[in-house]
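Undergrad: Please find the sequence and the predicted model below.
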Amino acid sequence: MNLDPQGLFRDDSDSDDEFVQEKEKDTSKEMVVYLIDASPKMFDLVGNDEDKSQTYFHAAISSISQSLKTQIIGKSYDEVAICFFNTKEKKNLQDLNGVFVFNVNDREYLDQPTAKLIKEFSCIEGTFMSNIGSQYGIIPGSRENSLYSALWVAQALLRKGSPKYVSKRILIFTNEDNPFGNITGAAKTDMIRTTVQRAYDAQEMGILIEILPLSIPDEPFNVSHFYADLIGLEGDEVAQFLPSAVERLEDMTDQLTKRIFKKRIVRTISFSIAKSINIEVNTYALIRPALPGSVTWLDSVTNHSLKAERSFICADTGALVHEPPKRFHPYKNENVKFSLDELSEIKRISNGHLCLLGFKPLDLLKDYHNLKPSTFVFPTDETIIGSTQIFIALHRSMLQLKRFALAFYGGSANPRLVALVAQDEVISSSGQVEPPGMHMIYLPFSDDIRHVEEAVQLQTTADADVPHATDDQIKKASVLMKRMELKDFSVCQFANPALQRHYGILQALALGEDEMPDIKDETLPDEDGMARPTIVNALEDFKIAVYGENHDLEEVSSKKSSNTDASRKRKAVVEAAVESAANHDWADLADNGKLKDLTVPELKNYLTAHNIPVTGKKEALISRILTHLGR
């Protein structure tokens with residue numbers, strides 16, 4: 001088996017894309033159970049406007065459908081289950097009344113979302129009343145408690161998977177802030193106690209319960225009636241709950257078709273602070289490039305993914321080679337063999353840990369030192385107890401003294417020096433905006449920095465210098481830039497239109513949609529914004545400062561002259577082609593099969609003289625000439 005000597009020491013895990021190195025843990029995924037209230041109150045019109053046909057139930061279905069579509073694009077390994085409560089029909093493994101688990105064929109209750117699930121779930125409103133039905137599951141004089149049953153069913157669905165590696169959530173969609181409002185006395189107290197206890201039992205199993213309220217106009221969702229106790233809100237958290245919950249619901253409804261990378265743990269690494277002090281930290285990739293998903297080969301009959309297998313065959317005997325392949329390198333007429341483990345060990349520069357080297361003032365860290373998106377670092381006490389305390393002490397000292405930590409981040413693929421910059425916590429009225437922690441910035445080596453060369457004044461002619469902007473032109477340009485500056489700019493405000501179209505086509509094919517979804521290109525110029533008088537005036541002042549008062553007339557005259565020059569050139573080319581084509585007897589060449597002996601430019605001269613396309617290879621040119629001659 002021949003090997004490429006240059007690729008001998010290339011590791012299979014090496015990649016040209018630096019961002020691919022930070023892959024999420026294979027075991028890191030999310031399991032979500034959507035609990036949707038199906039009581040008659042959910043079918044009221046939003047805003048009580050008769051012109052609107054949208055109900056609260058429709059808003060919940062729409063937001064979940066959009067979330068499932070985005071989930072397939074962003075992280076298809078996550079698993080979801082959809083469960084309705086306050087229903088007439090029942091469908092669940094526990095056979096509890098008032099709870100209906102929605103599913104499709106060839107899929108478990110809690111499984112990865114499929115195109116069939118999304119398609120049927122998006123159209124469930126039309127048949128919901130006839131197939132499932134709606135009713136109040138908590139009424140006076142009855143011991144039925146549909147919310148308690150729904151939490152029980154959801155908890156049972158989320159039993160699989162270790163909480164250590166799997167994030168588990170229950171999302172409740174409802175517009176009823178007091179589900180036990182019609183009940184009084186001991187029955188109400190008992191129902192509230194058992195329901196809250198069921199929620200606590202789920203939380204002890206590592207299941208996070210969230211409530212996404214569908215607020216009624218002029219009557220805000222009062223979480224204090226019941227759900228504050230259910231999800232464990234205390235003190236100021238109650239006041240901050242509603243704005244943050246509304247934002248989460250709007251995000252689910254208004255998500256664009258783009259790959260969304262959740263802030264999950266990339267990997268857990270050891271942080272060596274001193275000779276005998278090591279702590280453990282988690283790293284998170286906050287920003288990564290959005291790229292189309294990798295190609296998956298499918299079986300044409302079953303549509304199942306195919307698994308590629310590779311076997312080595314001995315060139316001498318034709319037998320299958322069962323031993324692991326070895327690589328070699330010729331040295332002094334002898335092949336020195338290496339196993340894959342030996343090659344990995346040879347290439348290993350460091351053990352992949354983060355090693356603290358020292359501290360430097362923050363003002364020494366420049367913007368151009370940031371080579372790629374930083375990695376966020378946060379402590380964990382999962383393995384090494386006390387890591388959080390040491391990290392907090394280091395974090396506070398760096399903020400107080402305005403220092404950044406210089407460290408070495410070793411790895412077999414791309415080891416380099418990094419800067420650890422402490423970030424303080426930022427809190428707003430809606431909750432935490434920025435978490436406390438450190439940003440790991442990848443620093444360049446000396447060869448990576450290009451120093452600015454001294455300006456050399458170029459001359460267009462012997463006596464004329466290159467024109468430079470005047471102070472007035474610079475001033476007008478600065479005013480124009482300030483007028484056009486985007487306020488509160490964020491890269492998250494703009495989606496890649498090519499990716500949106502890519503996933504829009506996939507969505508239409510998977511769901512059998514006849515029309516392509518509307519793709520809004522947010523990278524196009526804002527014509528309405530550019531038409532504002534302040535920007536128009538600033539742009540006109542800038543053009544006058546650079547091109548003078550009569551720049552519009554000059555532009556028109558220059559366009560006319562350029563068009564005239566272009567027409568003259570085209571006319572000259574055609575005349576030269578006609579003159580050159582007249583030197584050959586084309587009919588005789590075609591009859592004797594000698595067109596192939598001519599050069600491509602000679603063939604193009606004939607085509608140009610007769611206004612025939614000249615694109616393509618030589619065979620295509622000859623075919624056009626023969627067609628034109630009637631041969």
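TA: Received, thanks.
Undergrad: Which SSE is immediately downstream of the helix or strand of the chain with the lowest mean pLDDT?
TA: Least confident helix or strand of the chain, by mean pLDDT, DSSP states H and E, is helix 236-253 with a mean of 62. Following helix 236-253 in sequence order, the next helix or strand is strand 265-274 (DSSP states H and E).
Undergrad: That following strand: which residues count as buried?
TA: 266-267, 269-273 (16 or more other CB atoms under 10 Å). Heads up, the C-betas are built off the backbone N, CA and C, glycines and all.
Undergrad: partners of the next helix-or-strand element following it in the sheet?
TA: Using DSSP H and E, the next helix or strand after strand 265-274 towards the C-terminus is strand 277-285. Neighbouring strands of strand 277-285 in its sheet, by DSSP bridges, are strand 265-274 (antiparallel), strand 375-379 (antiparallel).
Undergrad: Tell me which residues are up against strand 277-285.
TA: Here strand 277-285 makes contact (CB atoms under 8 Å, 6 or more residues apart in numbering) with 19, 22, 261, 263-273, 353-354, 373, 375-384, 386-387, 390-391, 440.
Undergrad: now do 6 Å
TA: The contact list for strand 277-285, computed with CB atoms under 6 Å, 6 or more residues apart in numbering, reads 22, 263, 265-268, 270-272, 375-380, 383-384, 387, 390.
Undergrad: moving C-terminal of that strand, what's the next helix or strand?
TA: Next element after strand 277-285 (DSSP H and E): strand 312-313.
Undergrad: who touches that next one?
TA: So strand 312-313 is contacted by Val321 (CB under 6 Å, 6+ apart).
Undergrad: Let me have the buried residues of strand 265-274 in JSON lines, adding pLDDT and distance to Val238 as columns.
TA: Shown next, in JSON lines, are the buried residues of strand 265-274 (pLDDT from 0 to 100; distance: CB to CB, whole Å):
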{"residue": "Val266", "pLDDT": "78", "distance to Val238": "34"}
{"residue": "Arg267", "pLDDT": "82", "distance to Val238": "37"}
{"residue": "Ile269", "pLDDT": "88", "distance to Val238": "38"}
{"residue": "Ser270", "pLDDT": "89", "distance to Val238": "40"}
{"residue": "Phe271", "pLDDT": "90", "distance to Val238": "37"}
{"residue": "Ser272", "pLDDT": "89", "distance to Val238": "43"}
{"residue": "Ile273", "pLDDT": "88", "distance to Val238": "39"}
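Undergrad: want to throw these into TSV with distance to Ala620?
TA: Below are the buried residues of strand 265-274 laid out as TSV (distance: CB to CB, whole Å):
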residue	distance to Ala620
Val266	53
Arg267	55
Ile269	59
Ser270	64
Phe271	65
Ser272	67
Ile273	70
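Undergrad: Report how many residues lie close to Lys160.
TA: 12 (other CB atoms under 10 Å).
Undergrad: so is Asp381 in a helix, a strand, or just coil?
TA: coil (DSSP: H, G, I helix; E, B strand; the rest coil).
Undergrad: So for it, what's the pLDDT?
TA: pLDDT recorded at Asp381 is 88.
Undergrad: surely it meets Thr388?
TA: Yes: contact status for Asp381 versus Thr388: in contact at 5.4 Å, counting by CB atoms under 6 Å.
Undergrad: okay, these two: which has more neighbours?
TA: Neighbour totals were compared for Asp381 and Thr388, and Thr388 leads with 17 against 13 (other CB under 10 Å).
Undergrad: Please name the nearest non-neighbouring residue to the more buried one.
TA: Nearest-residue entry for Thr388: Pro379, 4.4 Å, with adjacent residues in sequence omitted and distances by CB to CB, 6 or more residues apart in numbering.
Undergrad: Could you pull up the contacting residues of the one you found?
TA: Listed by CB under 6 Å, 6+ apart, the contact partners of Pro379 are 281, 387-388, 391.
Undergrad: got it, and Tyr442?
TA: Tyr442 sits in contact with 371-372, 416, 418, where contact means CB under 6 Å, 6+ apart.
Undergrad: can you tell me which of those residues lies nearest to Arg450?
TA: Nearest to Arg450 among those is Leu371, at 13.0 Å by CB to CB.
Undergrad: Quick one, grab the pLDDT at the closest one.
TA: Note for Leu371: predicted pLDDT of 82.
Undergrad: check contacts around it.
TA: By CB under 6 Å, 6+ apart, the contact list for Leu371 reads 442, 444.
Undergrad: Tell me the backbone dihedrals of it, please.
TA: Main-chain dihedrals, Leu371, degrees, to the nearest 10: phi -80, psi -30.
Undergrad: One more: Lys487?
TA: Dihedral angles (degrees, to the nearest 10) for Lys487: phi -90, psi 140.
Undergrad: so how many other residues sit close to it?
TA: Lys487 has 4 neighbours, counted by other CB under 10 Å.
Undergrad: SS state for Gln538?
TA: Gln isn't right for residue 538; it's Ala. Strictly by three-state DSSP, Ala538 counts as helix.
Undergrad: could you flag which of the contacts of Tyr442 are buried?
TA: Using 16+ other CB under 10 Å, the buried members of the contacts of Tyr442 are Val418.
Undergrad: and which of the contacts of Tyr442 is nearest to His468?
TA: Nearest to His468 among the contacts of Tyr442 is Leu371, at 32.9 Å by CB to CB.
Undergrad: In PDB, list the C-alpha atoms belonging to stretch 109-117.
TA: Listed next in PDB are the C-alpha coordinates belonging to stretch 109-117 (Å, rounded to 0.1, in the frame of the first residue of the first chain):
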ATOM      1  CA  TYR A 109     -43.000   9.400  21.900                       C
ATOM      2  CA  LEU A 110     -39.700  11.000  22.700                       C
ATOM      3  CA  ASP A 111     -37.500  11.000  19.600                       C
ATOM      4  CA  GLN A 112     -35.800  13.200  17.100                       C
ATOM      5  CA  PRO A 113     -38.200  15.500  15.200                       C
ATOM      6  CA  THR A 114     -39.000  14.300  11.700                       C
ATOM      7  CA  ALA A 115     -40.500  16.000   8.600                       C
ATOM      8  CA  LYS A 116     -43.700  13.900   9.000                       C
ATOM      9  CA  LEU A 117     -44.100  15.000  12.600                       C
END
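Undergrad: Great, nothing more from me.
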